[in-house]
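Peer 1: Predicted model and sequence below, questions to follow.
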Amino acid sequence: MRRRSGAGKAQRGQRPQQGRGNEQKTERRSTVGSREVEVARLTRELDEAQERQTATYEVLRIISSSPGHLKPVFDAILSNAVRICDARFGNLALFNGTELRLAALHNPPRAYEEVRLRNPVISLEGSIAGPLAKTKRFNHVRDLAEEPYARSILATVAGARTALAVPLLHEGTLIGAIAIYRQQVRPFTDRQIELLENFAAQAVIAIENTRLLNELKQSLEQQTATAEVLGVISSSPGELVPVFNSMLENAMRICSAGLGALYRYDGNAFSIAAYVGVSAVVELMSGGPFHPHPDSVLGRVFATRDIVDVPDATQDPGYLKRIPVWVASVDGDSTRSMLGVPMIKENTLIGALVILRREARPFTDKEVELVKNFAAQAVIAIENTRLLNELRERTQEVVKLNQQLEQRVADQVAEIERMSRLRRFLPPQVADLIVASGTEKQLESHRREITALFCDLRGFTGFSESSDPEDVMALLAQYHAAIGEIIIKYSGTLERYAGDGVMVVFNDPVPVENPALQAVLMALNMRAAIGGLIEKWRDLGHDLGFGIGIAHGFATLGTIGFEGRRDYAAIGTVSNVASRLCDEAKPGQILISPRVRQAVGAAVTVESVGEFELKGLRRPMMTYNVLGGTASKELN
């Protein structure tokens, strides 16, 4: 019984152990299942990552192997994007600043493809790419049927339901968009959105590389064309036809224009100098000068003397109606984009370059600049030819010209020698006047109203008697240099100087508006300048002063002397009065006559010093001392 009882206990004790074993097996199966799910997820993610990397590598390979060609790059991007993101079809469009223009399509429904081929322009308004211009981020539409896009051709023609558009951005500016579509409602995942954004970045790289490459090619083409034209200019001196032909052909080739002409303008009418691809009507025009119709490109260039750039002639409704048929055949018949550039020499129109395109494709800034450069080269060629022809004509007269030149040189040498003598003995103003006029008529005796100024140093005679000659000459040199600069500054005519005495005339031979005032202003300037010298001389022990006399009146003027030594002199009472007033002047005084006082008016302040009996005058003369200039008159 005990055995059975023990056996029973054993059996009862085994049942719980069997239960725990089953639980452990279930846990192991669950753990194995979770690991299998995780492994499957990781494997799937790894496959997706590898697929994305492979697609990225393929696109980058096409970018590097197709420099300057965007279509294979766009096709590869759309193909991979549609395939990896499990979409039905996709498109890529480029943005020109106002609208999107379709650049590539992949696997589109036939009806949608036909619509897009007929109208590749995608308006921003109402399209899923519209918000991209403002947000600069992707636009994910879960169901087009529930959005404002329900009536778009994507929904009605292509049957699209879920759509994803991402922008192509270059330096923060929208340059295009990529969009992929599903025909069932099934939103794209975050990884698919990220992948499409990566493809958009690759498209931007390809676009920028192509732009830079095309700019480089265009620059090289322009440089080559410019060098070619310059080569023709240098190799065809004096011949304009080959230069014009080369210039026009290169301009049209680089600008992809089908029609072109180069015109010359003689100041009255135009004539055609070269043409390529234009109709037979231009040949009729080449028969002689003509006047362009005002509404033609050439007519507009003539009117404005500026560049005329017509992006599309059809946008000017009255263009072909306003101009005659023969003009239309030149720059309107089957032409859309037109460019006219003037040829200008020293602000004068001498011709024009006109190139035309049959399609509406506006000329770029660089193309306009190129045609401007060719127009400038045409001007250079024309000018070089003119100069060369002139040189050839002059060469035929070289012997005669040399003889004339030799005679002219001999005459000029004689004239220079004569003028040199005049400059040595005459005041600078007189000599310059004679040189300018070519005659010495001004030196003939004549009568004129003048102002005479006489000045000298007080105590100079005693100084010269008691000083060494070298000191006397040094002091005179300083004195003459100081007053000489002032005389020239105030347009005075140095009539003569003798030792310390100097006489200056105003109003002859160079006219002066107010000679009396000019003389007084000069005297004030002299007094200030010589006053500084007097202080220096006083420190050296020389007791000197400076006085001035000024008078106004009529005098007889002209040259005196003999051949080889002539002076210009003013003879009359006015000269004597100026000298006598100078004699009466105390050191630092500027004594003036009543006529001078009346002429200067309120420009200077004066004081009366009484009447003086002057030698040579019958009656005493009221005399005034000039104290200084008024505040309204600046003394320089």
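Peer 2: That came in fine, so what should we check first? Every value quoted in this text rests on a predicted model; they were computed, and no experiment measured them.
Peer 1: quick one, helices of the stretch 351-500 of the chain?
Peer 2: 365-395, 398-425, 428-437, 460-466, 469-489 (DSSP state H, counting those that start in this stretch).
Peer 1: Domains of the chain: list them as residue ranges, please.
Peer 2: Following automatic domain parsing, one gets these domains for the chain: 1-52, 66-214, 236-391, 438-629.
Peer 1: coming back round to it: export the helices of the stretch 351-500 of the chain to a markdown table and append columns for distance to Asp543, mean neighbour count and mean pLDDT.
Peer 2: Using the backbone N, CA and C atoms, a C-beta is placed for each residue, glycine as well. Formatted as a markdown table, these follow (distance: least, Cβ to Cβ, whole Å; neighbours: other Cβ atoms under 10 Å; pLDDT from 0 to 100):
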| stretch | distance to Asp543 | mean neighbour count | mean pLDDT |
| --- | --- | --- | --- |
| helix 365-395 | 71 | 16 | 78 |
| helix 398-425 | 34 | 11 | 67 |
| helix 428-437 | 34 | 16 | 68 |
| helix 460-466 | 8 | 14 | 89 |
| helix 469-489 | 12 | 15 | 90 |
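Peer 1: picking that back up, so for Gln407, which of the domains of the chain sits nearest?
Peer 2: domain 438-629 (16.9 Å; Cβ to Cβ).
Peer 1: if we can go back for a sec, in CSV, list the helices of the stretch 351-500 of the chain along with distance to Gln192.
Peer 2: Listed next are the helices of the stretch 351-500 of the chain as CSV, based on distance: least, Cβ to Cβ, whole Å:
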stretch, distance to Gln192
helix 365-395, 40
helix 398-425, 87
helix 428-437, 91
helix 460-466, 111
helix 469-489, 90
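Peer 1: Can you check which of the ones you listed gets nearest to Val310?
Peer 2: Of those, the one closest to Val310 (Cβ to Cβ) turns out to be helix 365-395, at 12.0 Å.
Peer 1: and the closest one, what other elements does it pack with?
Peer 2: If you count contacts as 3 or more Cβ pairs under 8 Å, 6 or more residues apart in numbering; DSSP states H and E, helix 365-395 packs onto helix 190-235, helix 241-254, strand 337-345, strand 348-357.
Peer 1: out of the ones you listed, nearest to Lys366?
Peer 2: Closest approach to Lys366 among those (Cβ to Cβ): helix 190-235, 6.3 Å.
Peer 1: ok, now how distant is Thr605 from His552?
Peer 2: Per Cβ to Cβ, to the nearest Å, Thr605 is found 19 Å from His552.
Peer 1: Any stretches of the stretch 251-400 of the chain with poor pLDDT?
Peer 2: 278-287, 316-334, 388, 391-392, 395, 398-399 (pLDDT under 70).
Peer 1: Give me the contacts around stretch 472-482.
Peer 2: 457, 463-464, 497, 499-500, 502, 526, 529-530, 533, 537, 542 (Cβ atoms under 8 Å, 6 or more residues apart in numbering).
Peer 1: any idea which residue sits dead centre in the chain?
Peer 2: Closest to where the C-alpha atoms of the chain average out (Cα atoms, centre = their mean) is Glu369, at 13.7 Å.
Peer 1: Gln595: neighbouring residues, count only.
Peer 2: Quick fix: residue 595 reads Arg, not Gln. 17 (other Cβ atoms under 10 Å).
Peer 1: Same check on Ala93?
Peer 2: Ala93: 24 neighbours (other Cβ under 10 Å).
Peer 1: so which strand or helix has it?
Peer 2: Here Ala93 sits within strand 89-95, counting by DSSP states H and E.
Peer 1: Helix or strand next in line after that strand, which one?
Peer 2: strand 100-106.
Peer 1: so Asn525 touches Ile488, yeah?
Peer 2: No: using Cβ atoms under 8 Å, Asn525 makes no contact with Ile488, being 11.8 Å away.
Peer 1: Just give me the longest strand of the chain.
Peer 2: Across the chain, the longest stretch assigned as strand under DSSP state E is strand 545-562.
Peer 1: Next, the angle from that one to helix 469-489.
Peer 2: 80 degrees (axes from the mean of the first three to the mean of the last three Cα atoms, to 10 degrees).
Peer 1: so what strands line up beside the strand holding Ala93?
Peer 2: Strand pairing for strand 89-95, determined by DSSP bridges: strand 100-106 (antiparallel), strand 173-182 (antiparallel).
Peer 1: Please work out which residues outside the shortest one touch it.
Peer 2: The set of residues that contact strand 100-106 without belonging to it, under Cβ under 8 Å, 6+ apart, is 70-71, 74-75, 77-79, 82, 89-95, 113, 116, 120-124, 127, 129, 176-177.
Peer 1: List only buried entries from those residues.
Peer 2: 70, 74, 77-79, 82, 89-95, 113, 116, 122, 124, 127, 129, 176-177 (16 or more other Cβ atoms under 10 Å).
Peer 1: hang on, the earlier thing: wait, which of the helices and strands packed on helix 365-395 is closest to Phe138?
Peer 2: Comparing the helices and strands packed on helix 365-395 by Cβ to Cβ, helix 190-235 comes nearest, at 5.8 Å.
Peer 1: Looking at Thr605 and His552, which is more packed in?
Peer 2: His552 (25 against 13).
Peer 1: Spit out the contact partners of the closest residue to the more buried one other than its chain neighbours.
Peer 2: Spatial nearest neighbour of His552, chain neighbours left out: Arg595 (4.2 Å); criterion: Cβ to Cβ, 6 or more residues apart in numbering. Arg595 sits next to Ala516, Ala551, His552, Gly553 when contact means Cβ under 8 Å, 6+ apart.
Peer 1: Glu249 - nearest residue in space that isn't next to it in sequence?
Peer 2: Closest to Glu249 by Cβ to Cβ, 6+ apart is Val276, at 6.0 Å.
Peer 1: Just grab the bridge partners of the one you found for me.
Peer 2: Bridge pairing for Val276 - DSSP bridges - gives Gly260.
Peer 1: Kindly report the same for Ala163.
Peer 2: Val141, Tyr181.
Peer 1: my guess is Gly549 meets Leu453, correct?
Peer 2: Yes: under the criterion of Cβ under 8 Å, Gly549 makes contact with Leu453 at 7.3 Å.
Peer 1: For those two, indicate the residue with more neighbours.
Peer 2: Counted by other Cβ under 10 Å, Gly549 and Leu453 do not tie: Leu453 has more neighbours, with 31 against 28.
Peer 1: I'd say His291 and Ala269 touch.
Peer 2: Yes: using Cβ under 8 Å, His291 is in contact with Ala269, at 5.7 Å.
Peer 1: Mind putting the helices and strands packed on helix 365-395 into TSV with distance to Thr385 and mean neighbour count?
Peer 2: Output for those, formatted as TSV (distance: least, Cβ to Cβ, whole Å; neighbours: other Cβ atoms under 10 Å):
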stretch	distance to Thr385	mean neighbour count
helix 190-235	9	16
helix 241-254	9	20
strand 337-345	12	23
strand 348-357	12	23
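Peer 1: Spatially nearest residue to Gly501 (excluding sequence neighbours)?
Peer 2: That would be Asp456: by Cβ to Cβ, 6+ apart, it lies 4.3 Å from Gly501.
Peer 1: which residues sit in contact with the one you found?
Peer 2: Gly499, Asp500, Gly501, Val502, Phe546, Gly547, Cys582.
Peer 1: Give me the pLDDT for it.
Peer 2: Looking at Asp456, its pLDDT reads 93.
Peer 1: Then Gln598?
Peer 2: 93.
Peer 1: just to revisit the earlier point, now list whatever residues contact both of Gly549 and Leu453.
Peer 2: Ala578.
Peer 1: coming back round to it: could you verify my assumption that the residue nearest to Glu249 touches Leu259?
Peer 2: Yes: when contacts are counted by Cβ under 8 Å, Val276 is listed as touching Leu259 (7.3 Å).
Peer 1: which one of the two has more residues nearby?
Peer 2: Leu259 (22 against 18).
Peer 1: And the more buried one, how far from Asp295?
Peer 2: For Leu259, the distance to Asp295 - Cβ to Cβ - is 18 Å.
Peer 1: From the opening residue of stretch 603-618 to its closing one, how far?
Peer 2: 30 Å (Cα to Cα, to the nearest Å).
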